[in-house]
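Engineer: Got a predicted model here, sequence first, then my questions.
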Amino acid sequence: MTSNPMTNTKVYEGCVVTDAPMTIAGTVNKSIGLLAIVILTACVTWFLAYSGFGDKTYALMVGGAIGAFILAIITAFKPQHSKPLSIGYAALEGLFLGGISAVFNMQYPGIVSQAVVATFCSMFVVLLLFKSKVIRATEGFKSTIIAATVAIAVIYGISILLSLFHNHVLSGALASNSLVSIGFNAIVVIIACLNFILDFDFIEKGAEMGAPKYLEWYGAFSMLVTLIWLYIEILKLLAKLNSRRN
């Protein structure tokens with residue numbers, strides 16, 4: 001899970017304004033393009049999973065997740081190369097999402113469509129709140145959301161690290177359908193939603209400042225990272241809720 005510390009305005013420092021500056025429309029178009037790539041590659045592992053090629057699906061999922069994480073880290077430090085890096089990230093992340101979505105959907109039919117609808121509805125609600133200035137991207141707000149995001153990343157990181165040493169206490173607790181686990185998941189969903197405010201603010205300020213055109217790809221990449229994170233957390237939350245009903 002990578003998130004919005006990468007949308008820090010320091011990215012603008014040293015940038016030279018050109019005749020083709022960053023625009024909101026350009027960023028939106030690139031976001032749609034990246035999302036289309038995610039969907040296309042996700043169809044590959046989704047099809048393989050439903051066709052019974054479990055080993056191939058798992059290999060592509062793991063490879064996609066690791067590759068996407070590496071490209072996300074590089075993109076955060078090399079925004080000037082965000083076009084090819086973000087395209088690669090979208091393709092690799094799609095492989096992971098297609099496989100994991102198929103696994104959840106086989107266990108709880110229809111859960112993926114519910115998660116997709118909930119994800120985009122959440123994003124548009126946050127966008128509406130941002131544009132109507134109900135939620136403002138103040139420095140205090142940004143600091144709070146970034147701190148909360150980092151804290152969540154640390155918890156997940158510790159869980160993965162402990163699992164490598166065959167200690168599954170934390171990972172088991174996070175994956176369970178207990179009320180505490182569901183409550184934690186719900187909090188993570190809220191934090192993921194609020195990360196969109198940082199993305200929208202970054203894109204809006206970049207357009208106002210006439211930032212370089214390549215930052216449209218960087219802004220689109222950042223928003224895609226948040227969107228995918230939110231989708232995965234909603235998918236997990238819905239799965240836990242469904243498991244309690246069965």
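Structural biologist: Good, I have the coordinates. Numbers count the residues shown, from 1 in each chain.
Engineer: ok, Cys43 to Ala49 distance?
Structural biologist: 11 Å (Cβ to Cβ, to the nearest Å). Any C-beta I mention is one placed from the backbone N, CA and C, and that applies to glycine too.
Engineer: joint contacts of those two?
Structural biologist: With contacts taken as Cβ atoms under 8 Å, 6 or more residues apart in numbering, Cys43 and Ala49 have Gly98 as neighbours in common.
Engineer: Give me the more crowded residue out of the two.
Structural biologist: Ala49 (23 against 12; other Cβ atoms under 10 Å).
Engineer: packing partners for the helix or strand where the more buried one lies?
Structural biologist: Here Ala49 sits within helix 24-50, counting by DSSP states H and E. With contacts taken as 3 or more Cβ pairs under 8 Å, 6 or more residues apart in numbering; DSSP states H and E, helix 24-50 sits against helix 54-77, helix 82-107, helix 179-209, helix 215-245.
Engineer: ok, now with 6 Å
Structural biologist: helix 54-77, helix 82-107, helix 215-245 (3 or more Cβ pairs under 6 Å, 6 or more residues apart in numbering; DSSP states H and E).
Engineer: give the contact list for Leu179.
Structural biologist: Leu179 sits next to no residue when contact means Cβ atoms under 6 Å, 6 or more residues apart in numbering.
Engineer: Ok, Leu92 next?
Structural biologist: So Leu92 contacts 64, 67-68 (Cβ under 6 Å, 6+ apart).
Engineer: how about those residues in a markdown table, adding distance to Leu127, neighbour count and pLDDT?
Structural biologist: Formatted as a markdown table, these follow (distance: Cβ to Cβ, whole Å; neighbours: other Cβ atoms under 10 Å; pLDDT from 0 to 100):
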| residue | distance to Leu127 | neighbour count | pLDDT |
| --- | --- | --- | --- |
| Gly64 | 28 | 25 | 96 |
| Gly67 | 30 | 17 | 97 |
| Ala68 | 24 | 24 | 96 |
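Engineer: for this structure, what helix or strand is lowest in average pLDDT?
Structural biologist: helix 169-175 (a mean of 90; mean pLDDT, DSSP states H and E).
Engineer: Show me the shaky parts of the chain.
Structural biologist: By pLDDT under 70, the low-scoring segments of the chain are 1-19, 246.
Engineer: what about 50?
Structural biologist: 1-5 (pLDDT under 50).
Engineer: Now do Ala36: how many residues are near it, please.
Structural biologist: Ala36, neighbours per other Cβ under 10 Å, totals 12.
Engineer: how far away is it from Lys131?
Structural biologist: 24 Å.
Engineer: picking that back up, and which of the contacts of Leu92 is nearest to Arg136?
Structural biologist: Ala68 (31.6 Å; Cβ to Cβ).
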